[in-house]
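1. coordinates for the following, if possible.
(one chain, ligands or ions: 1)
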Amino acid sequence: MKVYLDNNATTKIDPLVKVKMQPFFEELYGNPNSLHQYGMDVRPALNVALGEMYDALNAPDADDILITSCATESNNTVLKGIFFKHILKNPEKNHIVTTAVEHPSMQDTLLYLSDYGVDVTYVDVDKNGGISAEAIKAAVTDKTILISMMWANNETGMIFPIEEVSSFAKEKDILFHTDAVQAIGKLKVDLSAVNIDYLTFSAHKFHGPKGIGGLYVKKGKQLPNLLHGGEQMGGKRAGTLNVAYIVGMGLAMKQAANHVEKINIDVRRLRDKLEDALIKISDTIVVGPRALRTPNTILISLRGIEGESMLWDLNKSGIAASTGSACASESLEANPVMNAIGEDPELAHTAMRLSLSRFTTEKEIDYTIDAFTAAAERLRSISSTYAYTNEVG
Ligand code: C6P
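-> Residues are numbered from 1 along each chain as shown. Take a look at the predicted model:
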């Protein structure tokens, strides 16, 4: 049996999305900026797709949705845009508040900007991997131009206090950005109910295609371009529009919004069933209270079992999981969020992330429970043999 439990890294494409995209690779391949019939033929579909995104986010038409190539580009656009538009012109306001557990597309960009005079405060997570709104508020100074906080963490699934912090930012006249990559499709994201200026998303995290994402920009909060060289997207991002992928992202987002309630019942039930079984394995901890996590995610540590060993053992049984975020998988370093939680260094080396989707089945979860439990027993017995060998030898 094959079981895919790495849906926080990427998801399979929704079959309906794939069907909807197909004509745009074949007969409808015109450039939407061309003035001939081929160009004209694809424009209605782009408008439909954008409409689906506005509806899914409940964003007013007056606001912008900028299509990007991925969440990484959206995050870079916000941070570099704020640097060029605000910080470079007024270095008195050069302070950004963020969390210690943002995705590398935030952290590395902030590190890069810090060489140009940007001052960044990274607010630590608590022992559950959560962020307190009070800690964010306390980090703000009269130099703060931006607060950026992810909506939900990709490793733990912990949901951050977006509503409270975004209202606080508005009160203080500070810009507010959220990386909502792990929230779309799992949580209700309603932009008319929160005070968000910028919101990042990526289609492949909600059963859309890879290589396409977006940045919501509130009216009046426009940023300078990251990409220059064309009039596409109303002159806000140059480069030929990827029509098939935009069409796919529109439908995927609509589907994601329509499935949120179902995910919070069905996927949550399967996640809880899996977690209830795995937590019975001795010396095991799961990060963060369930009610405060996205309904699909478990970050678990099994003492004495290296995350990589577990991953390879599960892989042999056909189960795909991860030791943390996919973009850090080649570094073989300890899980960065576990490190940030900082309770016990061993936990960071033994972390495993299991993330479900609305396509995960009960049968797959039952199979995973058996395979995971057996793998844990097997690996623990090997490591105790090693301990014995080391003792006597
Ligand atoms: N996280 C994970 O395994 P891209 O690839 O640019 O579309 O998405 C980047 C990104 C940005 N923000 C968050 C919160 C994310 O989780 C990701 C992608 C994957 O956790 C791959 S590193």
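
2. how about stretch 347-358 and the ligand, touching?
-> No: Stretch 347-358 stays clear of the ligand (CB under 6 Å from any ligand atom), getting no nearer than 7.8 Å. Any C-beta I mention is one placed from the backbone N, CA and C, and that applies to glycine too.

3. using CSV, list the CA coordinates for that stretch.
-> The C-alpha trace of stretch 347-358 is given here as CSV (Å, rounded to 0.1, in the frame of the first residue of the first chain):
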residue,chain,number,x,y,z
LEU,A,347,13.4,15.9,20.4
ALA,A,348,14.6,18.0,17.4
HIS,A,349,16.5,14.9,16.0
THR,A,350,13.6,12.5,16.5
ALA,A,351,10.9,14.7,15.0
MET,A,352,8.5,13.3,12.4
ARG,A,353,5.8,15.3,10.6
LEU,A,354,2.7,13.5,9.4
SER,A,355,0.2,15.6,7.4
LEU,A,356,-3.0,14.4,6.0
SER,A,357,-5.3,15.8,3.2
ARG,A,358,-8.9,15.5,2.2
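
4. pLDDT (mean, whole number) over that stretch?
-> Mean pLDDT, computed over stretch 347-358, is 90.

5. now that stretch, how far from the chain's geometric center?
-> 14 Å (CA atoms, centre = their mean, to the nearest Å).

6. over to stretch 206-213?
-> From the chain centre to the centre of stretch 206-213 is a distance of 12 Å (CA atoms, centre = their mean).

7. that stretch close to the ligand?
-> Yes: Stretch 206-213 lies within reach of the ligand by CB under 6 Å from any ligand atom, at G213.

8. quick check: end-to-end length of that stretch?
-> 11 Å (CA to CA, to the nearest Å).

9. buried ones in it?
-> In terms of neighbour count (16 or more other CB atoms under 10 Å), stretch 206-213 has its buried residues at F206, H207, G208, P209, I212, G213.

10. distance of A321 relative to D272?
-> 17 Å (CB to CB, to the nearest Å).

11. and the buried residues of stretch 206-213, which is closest to the ligand?
-> For the buried residues of stretch 206-213, the closest approach to the ligand (CB to the nearest ligand atom) belongs to G213, at 5.3 Å.

12. the closest one and I382, how far apart?
-> Taking CB to CB, one finds G213 at 42 Å from I382.

13. now the stretch 251-393 of the chain, which segments are flagged as low pLDDT?
-> Within the stretch 251-393 of the chain, the stretches with pLDDT under 70 are 328-334, 343, 384-393.

14. so which bits of it are right by the ligand?
-> Selection of the stretch 251-393 of the chain residues close to the ligand by CB under 6 Å from any ligand atom yields S325, A326, C327.

15. mind listing what the second one touches?
-> The contact partners of A326, by CB atoms under 8 Å, 6 or more residues apart in numbering, come to D6, A9, T10.

16. identify those among those that sit within helices.
-> Using DSSP state H, no member of the contacts of A326 falls within helices.

17. pipe the residues you listed into a markdown table and attach neighbour count, pLDDT and distance to G248 per row.
-> Below are the contacts of A326 laid out as a markdown table (neighbours: other CB atoms under 10 Å; pLDDT from 0 to 100; distance: CB to CB, whole Å):
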| residue | neighbour count | pLDDT | distance to G248 |
| --- | --- | --- | --- |
| D6 | 19 | 98 | 21 |
| A9 | 20 | 97 | 19 |
| T10 | 15 | 98 | 14 |
